[in-house]
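Trainee: Below are the sequence and a predicted model for it; my questions follow.
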Amino acid sequence: MGPKPSTAPMHAPEPEPEPEVPASSAEPAPAEPAPAEPAPVIASEPMVTPEPDAAGDAPRSPRREATRQRVLDAAREVFAEMGVIGGTVEDICERAGFTRGAFYSNFSDKVDVVDALVEREHARLLEHLDVSFPEVDREVVAAEDLATALTGIVQRILQSIPIDRQLSLIQTELEIFAIRRPDQAGRFIAINNRFRERISVLIEGAMQRYGRELLVDPSIITDSIVAIAERSVRRALLAGGGADPDAMASAVLPGLLLAFSRPVEA
């Protein structure tokens, strides 16, 4: 008989060690990003052009312009009653029925309102003057004598400037503010000069059509006429009782034009 087979348990062969992997390679590969969800579909809306800021020169929307004019109307009343120095942004907002936000979306500050108001008031005066130009021509041509012609010129100038208590007050307040604030004087003078230059053209043209020429610079005559006309209005406002605001100007200005003009030499 051959040898008896061994009954000792058989051991499985040990696994061979796995090769070492460098640390840099042992890190797990980054997971691939999940596919992005599709963006929700939003109904397209029309683009709205943003309103220009207070200092912008771009055209304003009708709504923005209406708001701006309402603020200016309120400022006109406030400044006429309280003065430019006394009236505040809060007073203007309260009078206009707007919040401060509505104010500052249209104007940077109170001085910005003053600038816009000066511009608007003079633009309105220029509109009245432009209407008077053809009327002056007709009256000069139809005048039977020099006195009638000069009176017609003066009356047309006075009638072309709408006069009431608030207008007189606001013009005075705006000019006083410019005097008190030298940084504002240059702008006020530049705008005011456009108005006075238009009056100079009207006067000089009317005098030439009647065969007369001025003896001094037309701007000097214009300043004199405006000063007398404004004083005439203030005297009437002080007097009250429905006093004629043109009484003093009508009595003085025709003689002024006669004294500072002469017939054009042939």
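Mentor: Looks like it came in fine.

Trainee: For residue 97, which residues are in contact?
Mentor: For residue 97, the contact set (Cβ atoms under 8 Å, 6 or more residues apart in numbering) comprises residue 70. No exception for glycine: its C-beta is placed from N, CA and C like everyone else's.

Trainee: go on, residue 257?
Mentor: By Cβ under 8 Å, 6+ apart, the neighbours of residue 257 are 150, 153, 154, 203, 207, 221.

Trainee: would JSON lines of those with pLDDT, neighbour count and distance to residue 77 be doable?
Mentor: Output for the contacts of residue 257, formatted as JSON lines (pLDDT from 0 to 100; neighbours: other Cβ atoms under 10 Å; distance: Cβ to Cβ, whole Å):
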{"residue": "150", "pLDDT": "91", "neighbour count": "23", "distance to residue 77": "37"}
{"residue": "153", "pLDDT": "88", "neighbour count": "26", "distance to residue 77": "34"}
{"residue": "154", "pLDDT": "90", "neighbour count": "26", "distance to residue 77": "31"}
{"residue": "203", "pLDDT": "90", "neighbour count": "21", "distance to residue 77": "33"}
{"residue": "207", "pLDDT": "90", "neighbour count": "23", "distance to residue 77": "39"}
{"residue": "221", "pLDDT": "94", "neighbour count": "22", "distance to residue 77": "34"}
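
Trainee: Can you redo these as CSV, where the extra columns are distance to residue 191 and secondary structure?
Mentor: Shown next, in CSV, are the contacts of residue 257 (distance: Cβ to Cβ, whole Å; DSSP: H, G, I helix; E, B strand; the rest coil):
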residue, distance to residue 191, secondary structure
150, 29, helix
153, 25, helix
154, 24, helix
203, 20, helix
207, 26, helix
221, 20, helix
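
Trainee: Pipe these into CSV and attach distance to residue 117 per row.
Mentor: CSV is the format used below for the contacts of residue 257 (distance: Cβ to Cβ, whole Å):
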residue, distance to residue 117
150, 34
153, 30
154, 28
203, 27
207, 33
221, 28
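
Trainee: got the CA positions of stretch 96-112 in PDB?
Mentor: Provided in PDB are the C-alpha atoms of stretch 96-112 (Å, rounded to 0.1, in the frame of the first residue of the first chain):
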ATOM      1  CA  ALA A  96     -46.600 120.100  -6.600                       C
ATOM      2  CA  GLY A  97     -48.000 117.100  -4.800                       C
ATOM      3  CA  PHE A  98     -44.900 115.000  -5.500                       C
ATOM      4  CA  THR A  99     -42.400 113.100  -3.400                       C
ATOM      5  CA  ARG A 100     -38.800 114.000  -3.100                       C
ATOM      6  CA  GLY A 101     -38.000 111.100  -5.400                       C
ATOM      7  CA  ALA A 102     -40.100 112.600  -8.200                       C
ATOM      8  CA  PHE A 103     -38.300 115.900  -7.700                       C
ATOM      9  CA  TYR A 104     -34.800 114.400  -7.800                       C
ATOM     10  CA  SER A 105     -35.600 112.300 -10.800                       C
ATOM     11  CA  ASN A 106     -36.000 115.500 -12.700                       C
ATOM     12  CA  PHE A 107     -33.700 118.000 -11.000                       C
ATOM     13  CA  SER A 108     -30.400 117.600  -9.200                       C
ATOM     14  CA  ASP A 109     -31.200 120.300  -6.600                       C
ATOM     15  CA  LYS A 110     -32.900 123.700  -6.100                       C
ATOM     16  CA  VAL A 111     -30.400 125.600  -8.200                       C
ATOM     17  CA  ASP A 112     -31.100 123.300 -11.100                       C
END
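
Trainee: buried stuff in it?
Mentor: Residues of stretch 96-112 classed as buried: 96, 98, 102, 103, 105, 106, 107, 110 (neighbour count, 16 or more other Cβ atoms under 10 Å).

Trainee: Ok, stretch 221-238 next?
Mentor: 221, 222, 224, 225, 226, 228, 229, 230, 232, 233, 236.

Trainee: what residues does that stretch touch?
Mentor: Stretch 221-238 is contacted by residues 154, 157-158, 161, 163, 165, 168, 171, 196-197, 199-200, 203, 214, 243-250, 252-253, 256-257, 260 when judged by Cβ under 8 Å, 6+ apart.
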